[in-house]
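Colleague: task: produce atomic coordinates for the following.
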Amino acid sequence: MVKIVQLPGEIWQIDLEDCGHLGRTAGYFVKGQEGWMLVETGPASSLDKILEAATSLGITPDNLKYIAVTHVHLDHAGGLGVTAEYFTNAKLIVHNKGSRHMVDPTRLIAGATKAWGEKKMAEFGKIKPVAKERVIPVREGDIIDLGNRIIEVWETPGHAKHHACFYDRKTKGLFKPVAGSMTKVKGTKTAKAIVAVSPGKAPTIMPTDTPNVINKKFERLNI
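Modeller: A predicted model of the protein is given here:
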C-alpha cells in the first residue's frame, strides 16, 4: 500500500518508493480550485504508486491539470511519459533547458545507461517520450495557476542546469527535491509552512544526491 502523508494547505505527499526504496523520494499532489497538480513522478517504475495514491484521493485524468518535474534526471522525471499516458489531459511542466529530453529521451536514456548500467536502468522502468504539444517549457518567473493558488517557478541550477523549484504562494512552501523536499521560506509569516515528512525517517526527504553548486536563490530557503 502506498504511503500518503497529508500536509498543511491541501497537499499530499506520496512515497514514490524509488526503485523499491522506501522514503527515498516523494511526489506531491497539490489541490487547487481549478484542478490538481502533481509535482515529481519519480522513475517510470513508480507509476503504480502514483495511480494508487490518485485513486485514494479521487484524482482522475479529468481533474489532474498539471504534472511538473523539477529536472529531467530519471529518479525524478523518468516516469513523466508513462504518467502522462494515463493522465491524458494534464499539461507537462518542465524546465525549458530540459524539456526537449522529455519529448525525445534518446540522449537522456543513452547517458543514463552509461552512468548507471543496464541493471539500474531496468529498475527505473521504461522511459517513454511525451507529446511536444503537451509540454509547457518554464523558466524563472513563470507561474502555474490552479485558481485559488499560484505556484511560482524558481530556477535553481547547480545540481543540473535544467533544475527548477516550485514556490507555493498559498502555503509559502517550496518544492525543492534535491535540497530536501518541502520547506518554509525565510522571512514568511506563515507559522505552519509546509515541512515534508519522510515516511518513517527524517522530517524532510533527502533524495539521491546534493547540489554541486549552491545557487544564490537558495539564500531564500530555510536550509
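Colleague: skip the chain neighbours and tell me the closest residue to the residue nearest the centre of the chain.
Modeller: Centroid check for the chain by CA atoms, centre = their mean gives residue 40 as the closest residue, at 2.0 Å. Once flanking residues are discounted, residue 40 sits nearest to residue 27: 4.5 Å by CB to CB, 6 or more residues apart in numbering. Quick note: C-beta positions are derived from backbone N, CA and C, even for glycine.
Colleague: show me where the chain has strands.
Modeller: 4-7, 11-15, 26-32, 35-39, 64-68, 91-95, 135-138, 143-145, 150-155, 164-168, 173-175, 182-184 (DSSP state E).
Colleague: just checking: what are the partner strands of the fifth one?
Modeller: Looking at strand 64-68 with DSSP bridges, its paired strands and their directions are strand 35-39 (parallel), strand 91-95 (parallel).
Colleague: adding mean pLDDT and mean neighbour count, write those strands out as TSV.
Modeller: Converted to TSV, the strands paired with strand 64-68 look like this (pLDDT from 0 to 100; neighbours: other CB atoms under 10 Å):
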stretch	mean pLDDT	mean neighbour count
strand 35-39	96	24
strand 91-95	93	24
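Colleague: make TSV out of those strands and add distance to residue 116.
Modeller: Shown next, in TSV, are these (distance: least, CB to CB, whole Å):
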stretch	distance to residue 116
strand 35-39	24
strand 91-95	21
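Colleague: out of these, nearest to residue 54?
Modeller: Closest approach to residue 54 among these (CB to CB): strand 35-39, 8.2 Å.
Colleague: what angle do that closest one and strand 26-32 make?
Modeller: Orientation check (axes from the mean of the first three to the mean of the last three CA atoms, to 10 degrees): strand 35-39 against strand 26-32 gives 160 degrees.
Colleague: residues in contact with strand 35-39?
Modeller: 27-30, 50, 59, 63-70, 83, 87, 90, 144, 146-147, 151, 166, 175 (CB atoms under 8 Å, 6 or more residues apart in numbering).
Colleague: now with 6 Å, please.
Modeller: The contact list for strand 35-39 (CB atoms under 6 Å, 6 or more residues apart in numbering) reads 28, 29, 30, 59, 63, 64, 65, 66, 67, 68, 175.
Colleague: apart from its chain neighbours, what residue comes closest to the last one?
Modeller: Beyond its immediate neighbours in the sequence, the residue positioned closest to residue 175 (CB to CB, 6+ apart) is residue 166, lying 4.3 Å away.
Colleague: how many other residues sit next to the residue nearest to residue 40?
Modeller: 27 (other CB atoms under 10 Å).
Colleague: same thing with residue 115?
Modeller: 10.
Colleague: so, low pLDDT: which residues of this protein?
Modeller: Where the chain drops to pLDDT under 70, the residues are 20-21, 23, 157-163, 177-223.
Colleague: could you rerun that using 80?
Modeller: 18-25, 71-77, 101, 108, 116, 121, 123-124, 155-163, 176-223 (pLDDT under 80).
Colleague: how much space between residue 28 and residue 94?
Modeller: Using CB to CB, to the nearest Å, residue 28 is found at 16 Å from residue 94.
Colleague: correction: the previous question concerned residue 59.
Modeller: Going from residue 59 to residue 94 by CB to CB gives 20 Å.
Colleague: appreciated, that's everything.
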